[in-house]
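**Q** need a 3D model of the sequence below.
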Amino acid sequence: MKKLVGAVSLFSFMYCACSYALPGAVDMDGPKTITADKIEYNVKDAKIETRGNTTITNESGQTLKLTDSSFGEKGTQIDGKDVELWLGNHVYISAKSVVRDGDITTARDAVFTACDGCDSFGNAWEISATTIRHDLAERNLYFHNPILWMYNLPVFYFPYYTMPDPGVKYRTGLLMPDLSSTNNMGTQINLPLYISFSEYHDATLTLSYLTAENPMIQLEHRLNATHSQFRTRGSYTHNKEGENRWHIFNNDIVELGEYARATVQLERVSDKTYLQKYGFYNDQPYLDSGATLELFGQSGYIVADTHIFQELREAGRTEATANGNILPNIRGVYQSAPIYRETYALFSSDILAVDGRDNTSMQRVIGDARIISPWTLWGGNRITLGVDARYDVYNFQNYDLIENPEFTGVENRFLPSGYIEWGLPLFRPGENWTQVIEPRARLTLMQHTHTKELFALNNDSAGALLSDVTLFSNNRFAGYDLWENGNFADYGMRWATYSSNGKSAEIFLGQSYDLTEHTDIDPNSGFHKGASDYVGRVALDNGSWLGLTSRFRIDRDSFELRHIETDGRIGTSRNYIYIGHIWSEQLQELFLGQDINETSGGFRVQLTGRLSLIFNAIYNNTYHQFQRHAGELYYKHPCYFLSLGYHRDYAIREDYAGNTTFQFRFGLDY
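**A** Numbering: from 1, shown residues only. Have a look, this model is predicted:
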């Protein structure tokens, strides 16, 4: 017999050293090291024997400690005593003895944990068993008489338990259930089953038991292919009133090459209140189903899409979406190469078909051609010239136009326009701060049309609302169909300062002036005959714990505040307070009948290194009541997480009268 004694690097036994096949052991190529008080190698039997304390370390850092061991060169047989095995960060197995025969490894009087050393006062959780058996072919762990311990206290006993070893990424099986309680729906217990079809294809089937309603089934399906991804989620229940209630949300993306992509989207629900009542609602005012095809080029793109809407709002409300389904909408844009210096041409077209409600429909074709010429002159002056020609053709069926109700026929209109825009950014660099002052002005010349030519005033327009964002744009109004109708000027002043360490501040103030008398327009929009209201914004960011942005509109005559939107955040990612507020005065009771006044806010407090408290709310100041609020106490341990949260919704619609939901979740990480 030939013997090797001492600490030895065994390159010839790499496979043996790394494939002892205890739970979670992973075959890896590369040098492995065996260290022992005494090592003997039997050349004839191709067998290694160690005496005393033995340590085996593979290339990935996994470490096996045992005493008086023996194993074959090919790793098919192994046995040892007092085993300690670290399979990765905090993943640990100990056993009185271990024996391997082929693909089966058996550890007796064993303990398994994925939380070794996470806390100084004990492992957060571990499973002890009289026997832990590992099947290398199936990559499964089998526990006999297991006991779940948490912080050295026995919590739960069950005679038999199986789980995939930590080296398995995906495996079909039950997931940790979660619990919630709702005032209208009773206690809800979700029992999820994870189904793995392949590394790129899986699903989660959840059975939800409700004490105050019939059970519900939820399904989420996921598939990733080479150039596509498919996502579907939905639910179904047959409630106690005998109604079938359900929802399905689907989103598929298929890459059709380097320059093309297709998207299919499906959003449908059985009725208007199901999503809210069963906890799937996400403030969506309507559901949008359809498909999109996108074609990209170096100088342009084409997008064709369809939309079939399902309305979730109360009947009779003012809607900002198209009054019907869009079948289809095709948009194309092409930008030419520079014609002269930086001058270029831009061509676009838009084809839209709207299948409206109440036996109405409309088809529209828009063609638009522009030439844009930017120039930088002496002293830093920037001049941009633009010429635009647009032509529209509409075909109406039973449409209510401004001066012609239930009109059927063809209408067309032509809108030539042009503009000149000037800006002069003045920089003042400093050692730590750089300041910028930029006056800016734009004059737009546009054909003035009469009222009868504004036949499509509100077909796809969400309305007119003056803000700092709409100034200096080709169209200050929302939508394709709402015309500017005449000459106007935009002007404003911007001051900003930036520091070398990310701090910044900004102030902007501007106004619009209509040189042509406007047709009647919403008095709440901020537009008037002649000068408009003043609009502006203020922003402040100290680069670390403070961020603030506020947009506002001030009455042109009285200088009273008419509209303001503010968003602010104070704190870090772990401890912060945020607040948002919107207030808009309604000069005429056209919409809600009262001023819009809403506050949203929340906070997060890191109570300890692992425990945090989160809260958010929306409050309607006009009606002096919450719209909703929610909170959560969340504990994140390296080995597990748990949370206790609630959500209160004050909405009242049909069979939905607001829910208060409490939810408890717990999960193990390994």
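**Q** and the helices in the stretch 351-500 of the chain?
**A** Applying DSSP state H, counting those that start in this stretch to the stretch 351-500 of the chain gives no helices.
**Q** check the chain too.
**A** Assigned by DSSP state H, the chain shows helices spanning 14-18, 274-277.
**Q** any idea which of the ones you listed scores lowest on pLDDT?
**A** Lowest mean pLDDT within the helices of the chain: helix 14-18, at a mean of 32.
**Q** tell me where the model's unsure across the stretch 51-200 of the chain.
**A** 58-62, 72-77, 87-88, 166 (pLDDT under 70).
**Q** can you give me the strands for it?
**A** Ranges of strands in the stretch 51-200 of the chain, per DSSP state E, counting those that start in this stretch, are 63-72, 77-88, 91-101, 104-113, 126-135, 140-144, 147-150, 153-157, 160-164, 173-174, 178-182, 186-198.
**Q** phi and psi next, for the spatially most central residue of the chain.
**A** Residue closest to the average C-alpha location in the chain (Cα atoms, centre = their mean): Asn282, at 12.3 Å. Main-chain torsions, Asn282, degrees, to the nearest 10: phi -130, psi 40.
**Q** report the contact partners of the closest residue to it other than its chain neighbours.
**A** Once flanking residues are discounted, Asn282 sits nearest to Leu275: 7.8 Å by Cβ to Cβ, 6 or more residues apart in numbering. For the C-beta atoms, the positions are set from N, CA and C on the backbone; glycine is no exception. Neighbouring residues of Leu275 by Cβ atoms under 8 Å, 6 or more residues apart in numbering: His247, Val269, Tyr281, Asn282, Gln284, Leu312.
**Q** repeat that with 10 Å
**A** For Leu275, the contacting residues are Ser235, Arg245, His247, Phe249, Val269, Tyr281, Asn282, Gln284, Leu287, Leu312, Tyr656, by Cβ atoms under 10 Å, 6 or more residues apart in numbering.
**Q** okay, Trp210 and Thr470: tell me how far apart.
**A** Just to correct that, residue 210 is Leu rather than Trp. Applying Cβ to Cβ, to the nearest Å, the value for Leu210 to Thr470 is 48 Å.
**Q** my error: substitute His247 in the last question.
**A** 36 Å.
**Q** same deal with Arg108?
**A** 75 Å.
**Q** which of these two has more neighbours?
**A** Each of Arg108 and Thr470 has its neighbours counted (other Cβ atoms under 10 Å); Thr470 has more, 19 against 16.
**Q** which residue, neighbours along the chain excluded, lies closest to that one?
**A** Arg476 (4.5 Å).
**Q** that neighbour against Phe488, yeah?
**A** Yes. Counting by Cβ atoms under 10 Å, Phe488 is a contact partner of Arg476 at 7.7 Å.
**Q** what sits in contact with each of those two?
**A** By Cβ under 10 Å, 6+ apart, the residues touching both Arg476 and Phe488 are Thr444, Ser512, Asp514, Phe527, Ser532.
**Q** can you flag which of those residues belong to strands?
**A** Thr444, Ser512, Asp514, Ser532 (DSSP state E).
**Q** Lys81: which of these is nearest?
**A** Ser512 (86.1 Å; Cβ to Cβ).
**Q** OK, contacts around the closest one?
**A** By Cβ under 10 Å, 6+ apart, the neighbours of Ser512 are 442, 444, 466, 470-472, 476, 488-492, 526-528, 530-535.
**Q** of the residues you listed, select the buried ones using a PyMOL command.
**A** What follows is the PyMOL syntax for the buried subset of the contacts of Ser512, where burial is set by 16 or more other Cβ atoms under 10 Å:
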select buried, resi 442+444+466+470+471+472+476+488+489+490+491+492+526+527+528+532+533+534+535
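**Q** tally of neighbours for Ile554?
**A** 19.
**Q** is it in a bridge, and if so with what?
**A** As for beta bridges, Ile554 partners with Tyr534, Leu561 under DSSP bridges.
**Q** Asp649 and Tyr281: what is the separation?
**A** Asp649 is 8 Å from Tyr281, by Cβ to Cβ.
**Q** list residues touching both of these two?
**A** Common neighbours of Asp649 and Tyr281 (Cβ under 10 Å, 6+ apart) are Tyr656, Asn659.
**Q** and these two? which has more neighbours close in?
**A** Asp649 (21 against 18).
**Q** surely Leu385 and Tyr340 touch.
**A** No. Taking Cβ under 10 Å as the definition, Leu385 is not a contact partner of Tyr340, at 11.7 Å.
**Q** who's more crowded, these two?
**A** Legend: neighbour count by other Cβ under 10 Å for Leu385 and Tyr340, higher for Leu385 (14 against 7).
**Q** what's across from the more buried one in the sheet?
**A** Judged by DSSP bridges, the bridge partners of Leu385 are Ser373, Ile420.
**Q** Ser643 now?
**A** Here Ser643, judged by DSSP bridges, has bridge partners Tyr634, Arg665.
**Q** next one: it from Leu611, what distance?
**A** 10 Å.
**Q** and those two? which has more neighbours close in?
**A** More crowded of Ser643 and Leu611, by other Cβ under 10 Å: Ser643, with 17 against 14.
**Q** and the more buried one, what is it in contact with?
**A** With contact taken as Cβ under 10 Å, 6+ apart, Ser643 is in contact with 178, 612, 614, 632-636, 663-667.
**Q** one more time with 8 Å, if that's ok
**A** Per Cβ under 8 Å, 6+ apart, neighbours of Ser643: Glu632, Leu633, Tyr634, Tyr635, Gln663, Phe664, Arg665.
**Q** and if you look at Lys96?
**A** Going by Cβ under 8 Å, 6+ apart, the list of residues near Lys96 reads Lys81, Asp82, Val83, Arg108, Asp109, Ala110.
**Q** can you give me the buried ones in stretch 355-362?
**A** Judged by neighbour count using 16+ other Cβ under 10 Å, the buried positions of stretch 355-362 are Asp355, Gly356, Thr360, Ser361, Met362.
**Q** among those, which one has the lowest pLDDT?
**A** Minimum pLDDT for the buried residues of stretch 355-362 is recorded at Gly356 (77).
**Q** which residues in the stretch 251-400 of the chain form strands?
**A** 260-269, 286-296, 300-311, 324-335, 344-356, 361-376, 382-399.
**Q** same list (these) but as JSON lines, adding distance to Ile579.
**A** What follows is the strands of the stretch 251-400 of the chain, written out as JSON lines (distance: least, Cβ to Cβ, whole Å):
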{"stretch": "strand 260-269", "distance to Ile579": "32"}
{"stretch": "strand 286-296", "distance to Ile579": "28"}
{"stretch": "strand 300-311", "distance to Ile579": "32"}
{"stretch": "strand 324-335", "distance to Ile579": "37"}
{"stretch": "strand 344-356", "distance to Ile579": "39"}
{"stretch": "strand 361-376", "distance to Ile579": "40"}
{"stretch": "strand 382-399", "distance to Ile579": "37"}
